[in-house]
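> Below are the sequence and a predicted model for it; my questions follow.
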Amino acid sequence: QVQLVESGGGVVQPGDSLRLSCAASGFTLNSYTIGWFRQVPGKEREGVSSISGSDGSTVYADSVKGRFTTSRDIAKNTVYLQMNSLKPEDTADYYCAAVEPGWGRILRTMLVGVHYWGQGTPVTVSS
């Protein structure tokens with residue numbers, strides 16, 4: 001049974017950091033690209049970052065480039081999203097997803113390649 005479980009969300013102040021975790025089970029990380037998405041009420045879910053299952057290469061949205069880092073621990077079958085210098089506009093529900101390999105290179109279309117979703121974790125950045 002495939003499962004993705006996110007954790008690590010919370011309420012922080014602008015400039016703070018958070019690390020989100022996405023623990024995968026039922027498959028190994030080299031089987032899929034893992035994508036990070038976020039969504040605010042009334043807006044479409046947007047791709048934030050991805051990490052390739054084959055070589056661990058990463059892609060970032062311009063809005064988070066230089067502040068967010070995606071990494072993985074193969075032994076733990078877990079992907080991380082390290083978020084630094086958080087801004088109020090980063091406030092959203094964050095989701096990880098198992099994405100068909102190849103669909104993670106272009107974040108604006110990554111949604112099409114999603115096979116499995118996690119349940120999401122909320123992040124609030126507010127002073």
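That came through, no problem.
> Which helix or strand contains the residue nearest to the spatial centre of the chain?
By Cα atoms, centre = their mean, the chain has its centre lying nearest to residue 36, at 2.1 Å. According to DSSP states H and E, residue 36 maps onto strand 33-39.
> Ok, residue 72 next?
Assigned by DSSP H and E, residue 72 falls in strand 68-73.
> Please state the offset of that strand from the chain centre?
Its chain's C-alpha centre and that of strand 68-73 lie 9 Å apart, by Cα atoms, centre = their mean, to the nearest Å.
> ok, the very next helix or strand once past it: who's next to it in the sheet?
Downstream of strand 68-73, the first helix or strand assigned by DSSP H and E is strand 78-83. Strand 78-83 sits in its sheet next to strand 18-25 (antiparallel), strand 68-73 (antiparallel), going by DSSP bridges.
> Just the buried positions in strand 78-83, please.
For strand 78-83, burial by neighbour count (16 or more other Cβ atoms under 10 Å) applies to 78-81, 83. (Each C-beta comes from the backbone N, C-alpha and C, glycine too.)
> again, but for stretch 82-98
Neighbour-count burial for stretch 82-98, counted by 16+ other Cβ under 10 Å, picks out 83, 86, 90-98.
> Out of the residues you listed, the closest to residue 69 would be?
Comparing the buried residues of stretch 82-98 against residue 69 with Cβ to Cβ places residue 83 closest, at 8.3 Å.
> Against residue 28, how distant is that closest one?
Applying Cβ to Cβ, to the nearest Å, the value for residue 83 to residue 28 is 25 Å.
> what's the answer for residue 93, then?
26 Å.
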